[in-house]
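In: need coordinates for the following:
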Amino acid sequence: MRTLAESLSRDIIRGNPNVKWESIKGLENAKRLLKEAVVMPIKYPKYFTGLLSPWKGILLFGPPGTGKTMLAKAVATECNTTFFNISASSVVSKWRGDSEKLVKVLFELARHHAPSTIFLDEIDAIISQRGEARSEHEASRRLKTELLIQMDGLTQTDELVFVLAATNLPWELDAAMLRRLEKRVSF
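Out: Prediction:
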């Protein structure tokens, strides 16, 4: 597990990503929503309890180059959280069982370094639709299942770990993941 954690630690930006809201031109609605959904609960946690408990996952989707990654970095900068910049290559391994372990270690590291922001870039490469008509490898199903289990674990804890996922193809995502990414921001 230690070696898996070390391989993921290169994707952690412990320092400030140094992207301010002012650095992102336009996208006013997306910035407002992210401020309300992520920034405010971290800055004022006593107001976000019960029915107003903070969201744990947000899906950013739109064409390439619209600023999804910049928005995620701005959230991490504004909230002063540990920023995990994760792509498919970060959590997919050729060794049997390592992909699921990488996902589990990722969420354990995020809880350890809380408050944390996990940014899953191009999430459609990791968790595309499941189904009988689609030919899917067993390892891919196990990875998707572990990611969904870890997302469920976030909703059951009070730790400040947020998942921001980005995609260009939201219709390709698995329905179970769409349910866990509670809010969707379109560009």
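In: and the lengthiest strand in the chain, average pLDDT?
Out: In the chain, taking DSSP state E as the definition, the longest strand is strand 161-167. What strand 161-167 shows for mean pLDDT is 89.
In: next SSE after it?
Out: helix 175-180 (DSSP states H and E).
In: quick one: buried residues of that following helix?
Out: Ala176, Met177, Leu178, Arg180 (16 or more other Cβ atoms under 10 Å). C-betas here are computed from N, CA, C, even on glycine.
In: and of these, the nearest to Pro41?
Out: Arg180 (17.4 Å; Cβ to Cβ).
In: in three-state terms, label the nearest residue to the closest one once chain neighbours are set aside for me.
Out: Setting aside the residues directly before and after it, Arg180 is nearest to Met151 in space (Cβ to Cβ, 6 or more residues apart in numbering), at 4.3 Å. Using DSSP: H, G, I helix; E, B strand; the rest coil, the structure places Met151 in helix.
In: dump the residue contacts of Met151.
Out: Lys56, Gly57, Val163, Met177, Arg180 (Cβ atoms under 8 Å, 6 or more residues apart in numbering).
In: reformat the buried residues of helix 175-180 as TSV; add distance to Arg111.
Out: Listed next are the buried residues of helix 175-180 as TSV, based on distance: Cβ to Cβ, whole Å:
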residue	distance to Arg111
Ala176	22
Met177	20
Leu178	23
Arg180	17
